[in-house]
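Colleague: Fold the following.
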Amino acid sequence: SKMKPGTLKAIQSKQSYHHYANDPVGFCVNELNEILTDDVKTMMESVRDNLVTIAISANATGKSHGAARVATWFYKSHEDCKVFTSAAPPYDNLKNILWGEIGSVVAKHPEMFHSDTVTSLDIRRGPEDFITGVSIPSSGTPKEREAKFSGKHQKHMLFILDEGDAIPDEVYSGIESCMSGGIIVRLLIMFNPRQTAGAVFRMQRDNTAHIVHLSALRHPNVNEGHDVIPGAVTRDTTVRRINEWTRPAHPDEKIEEDSLFVVPDFLVGVTAPKKSGGFYPPLPAGRRKIMNPAFSYMVLGRYPAQGTNQLISNEWVSRARSRYDMYVLEHGDRPPEGTKGIMGLDVAEMGDDLNVACGRYGGYLTEFTSWNGVDTIETGTRAIDWYNSHKISSANVDATGVGAGVAPQMQLSGCVAMGVKVAEKPTVKSEIGQFKRKRDQILWAVREWLRTDPSAMLPPDEELIEELSVPTYTTETGKIEIMKKEDMKEVLRRSPNKLDALALT
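Modeller: Modelled structure (predicted):
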């Protein structure tokens, strides 16, 4: 259609944002009409001023929302510009979360992108001038993953990584090789702080990045008690988590700083609805002890305490890993002669879960075998084949829910198999007290195996090592209780299937 005289010039003038090159907050407030929290403003200004910014965030405090606006600001206020965005697998993390936010910017301000070519996960002015999404393959070699992020050059470049603590180290190696080129190159890494391990944690430890924190307690929705920013964390959610995940401290109780929470004045006397109905009592002032590590990373935006209540010491894991490597060098990757194999089988609970089998021969642990599917007959058939091919003498099988039929099917084929219902009462007692349920008992057995057995060995399986490092335990109720499985899933972003299979041995 014909354009009125001066319209193209007006559009081009409107789309010149170079004067915002040093003012990301001004761009977002004035041009995008956004309401920003103080924490998000700090994150934006850090990207402007620092080579590497790590945004350690509580849940729903606006990090992905802010990152999408940072990407838009950088692209629109700098010419000759490449913005690469990525997120830890699965691909939906990138497509639905980060690019969902970028897409909302485009939808709200179509005039801003009038002269751009906008496609799925890509906005560009030209072949060397764009914002794009780069997926991280979960398969392939580390070299292949590194190559996807290497060799990128332009006058102005910005890399944005969401769920950065779950991104493989080789991705960071690839990006690092690009950081020395260009006039302005920036890296923004965002994540919820679950574990003190990996490339991002090492950057913090070694002071090679500028750190910003996004806390639920500083969010205006929580401070003011109503939705200043719709869709973000709420006061009700925060108060519920305080009641469920912390407890009042005893008057003379000594609490380590990383396990201590002091109720802020603006939440004293506040109540909130329970999920089960009714309301919590008004929140009293004073000190509280953090009982669930999820409170630290989901509410406070800080790493959980890893002290005496960590179930399995990193030192025990390290020793078991070293023993395995030494054993394989001398004897090869096979069980010791004369040992009997005990099979552990964790049965998938739902469609996206995995069945996982392993065998333990005294201190020797096989590699883990995983397969999809919740069909009991198929799982039983696969389990029978695994049992017979690994010279197993007996099997302990998860008998919760759909798993109840697997052990009987194995028995019909001549396997010595027993169903284990982890929610049942424990059958033994620890030196430090009773267990609450059988799941606590068998996970404690993994702890004691690694702590006391000089032959305990662990194969080089990063997922298993992660799962061993997560659980904590408490004796607050007078019984030993280990972190709930659903809380472990929140930390790991997957089910701890390998740890469960090991525990069943």
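Colleague: In contact with the closest residue to H109 other than its chain neighbours, which residues?
Modeller: Nearest residue to H109 in three dimensions, chain neighbours excluded: L32, at 6.5 Å (Cβ to Cβ, 6 or more residues apart in numbering). Glycine gets a C-beta too; all of them are placed from N, C-alpha and C. L32 sits next to R69, T72, V105, K108, H109 when contact means Cβ atoms under 8 Å, 6 or more residues apart in numbering.
Colleague: could you dump these to JSON lines with neighbour count, secondary structure and pLDDT?
Modeller: Converted to JSON lines, these look like this (neighbours: other Cβ atoms under 10 Å; DSSP: H, G, I helix; E, B strand; the rest coil; pLDDT from 0 to 100):
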{"residue": "R69", "neighbour count": "27", "secondary structure": "helix", "pLDDT": "98"}
{"residue": "T72", "neighbour count": "26", "secondary structure": "helix", "pLDDT": "98"}
{"residue": "V105", "neighbour count": "20", "secondary structure": "helix", "pLDDT": "98"}
{"residue": "K108", "neighbour count": "11", "secondary structure": "helix", "pLDDT": "97"}
{"residue": "H109", "neighbour count": "15", "secondary structure": "coil", "pLDDT": "97"}
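Colleague: I'd say G174 and A147 touch.
Modeller: Yes - contact criterion Cβ atoms under 8 Å: G174 and A147 qualify, at 6.8 Å.
Colleague: Would you mind telling me which of these two has the busier surroundings?
Modeller: The neighbour comparison of G174 against A147 (other Cβ atoms under 10 Å) goes to G174, with 21 against 13.
Colleague: CA atoms only for the host helix or strand of the more buried one, dumped as CSV, please.
Modeller: Using DSSP states H and E, G174 sits in helix 169-176. Written as CSV, here are the backbone C-alpha positions of helix 169-176 (Å, rounded to 0.1, in the frame of the first residue of the first chain):
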residue,chain,number,x,y,z
ASP,A,169,30.8,-26.2,30.9
GLU,A,170,31.7,-26.5,27.2
VAL,A,171,29.2,-23.8,26.3
TYR,A,172,31.0,-21.4,28.6
SER,A,173,34.3,-22.4,27.0
GLY,A,174,32.8,-21.5,23.6
ILE,A,175,31.5,-18.2,24.7
GLU,A,176,34.8,-17.3,26.5
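Colleague: mean confidence for that helix?
Modeller: Regarding helix 169-176, the rounded mean pLDDT is 93.
Colleague: Now do that helix: distance to the chain's middle.
Modeller: Distance of helix 169-176 from its chain centroid, counting by Cα atoms, centre = their mean, to the nearest Å, is 19 Å.
Colleague: what do you get for stretch 54-64?
Modeller: Its chain's C-alpha centre and that of stretch 54-64 lie 12 Å apart, by Cα atoms, centre = their mean.
Colleague: Straight-line length of that stretch, end to end?
Modeller: Taking Cα to Cα, to the nearest Å, the first and last residues of stretch 54-64 lie 13 Å apart.
Colleague: Give me the buried positions along that stretch.
Modeller: I54, A55, I56, S57, A58, N59, A60, T61, G62, K63, S64 (16 or more other Cβ atoms under 10 Å).
Colleague: Mind checking which of those are in helices?
Modeller: K63, S64 (DSSP state H).
Colleague: nearest to E378, of the buried residues of stretch 54-64?
Modeller: N59 (36.7 Å; Cβ to Cβ).
Colleague: if I look at the closest one, how far off is R494?
Modeller: Distance, N59 to R494, by Cβ to Cβ, to the nearest Å: 17 Å.
Colleague: Low-confidence regions, the stretch 351-500 of the chain specifically.
Modeller: Low-confidence segments of the stretch 351-500 of the chain (pLDDT under 70): 351-352.
Colleague: what about the strands in it?
Modeller: Taking DSSP state E, counting those that start in this stretch as the criterion, the stretch 351-500 of the chain carries its strands at 354-361, 364-365, 369-372, 392-398, 417-420, 473-474, 481-482.
Colleague: Kindly state which of these is positioned closest to S318.
Modeller: Nearest of the strands of the stretch 351-500 of the chain to S318, taken as Cβ to Cβ: strand 364-365 at 15.2 Å.
Colleague: Strand partners (parallel or antiparallel) of the closest one?
Modeller: Strand 364-365 has the following sheet partners, assigned by DSSP bridges: strand 354-361 (antiparallel).
Colleague: so how far is the strand it pairs with off the chain centroid?
Modeller: 24 Å.
Colleague: between that strand and strand 392-398, how many degrees?
Modeller: Counting by axes from the mean of the first three to the mean of the last three Cα atoms, to 10 degrees, strand 354-361 points 140 degrees away from the direction of strand 392-398.
Colleague: can you list the residues that contact strand 354-361?
Modeller: For strand 354-361, contacts defined as Cβ under 8 Å, 6+ apart pick out 335-336, 339-348, 365-373, 379, 382-383, 386, 390, 392, 495, 497-498, 500-502, 505.
Colleague: From these, list the buried ones, please.
Modeller: Of the contacts of strand 354-361, these count as buried by 16+ other Cβ under 10 Å: 335, 341-348, 365-366, 368-369, 379, 382-383, 386, 390, 392, 495, 497-498, 500-502, 505.
Colleague: In helices, which of the residues you listed appear?
Modeller: When those are checked against helices (DSSP H), the matches are T379, R382, A383, W386, N497, K498, D500, A501, L502.
Colleague: Now distance to E330 too, for the residues you listed, in a markdown table please.
Modeller: As requested, these are exported to a markdown table (distance: Cβ to Cβ, whole Å):
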| residue | distance to E330 |
| --- | --- |
| T379 | 36 |
| R382 | 32 |
| A383 | 31 |
| W386 | 26 |
| N497 | 30 |
| K498 | 25 |
| D500 | 30 |
| A501 | 26 |
| L502 | 23 |
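Colleague: out of these, who's nearest K152?
Modeller: Among these, K498 lies closest to K152 (Cβ to Cβ), at 35.3 Å.
Colleague: gap between the nearest residue to H18 once chain neighbours are set aside and I312?
Modeller: Leaving aside its chain neighbours, H18 sits nearest to S77 (5.8 Å; criterion: Cβ to Cβ, 6+ apart). Separation of S77 from I312 (Cβ to Cβ): 49 Å.
Colleague: again, but for C81
Modeller: Distance, C81 to I312, by Cβ to Cβ: 47 Å.
Colleague: K479 now?
Modeller: Using Cβ to Cβ, we find K479 at a distance of 19 Å from I312.
Colleague: of these two, who's got more company?
Modeller: I312 (24 against 15).
Colleague: Am I right that that one falls within a strand?
Modeller: No - read with DSSP: H, G, I helix; E, B strand; the rest coil, I312 is coil and lies in no strand.
Colleague: measure it to D169 for me?
Modeller: From I312 across to D169, the span is 23 Å (Cβ to Cβ).
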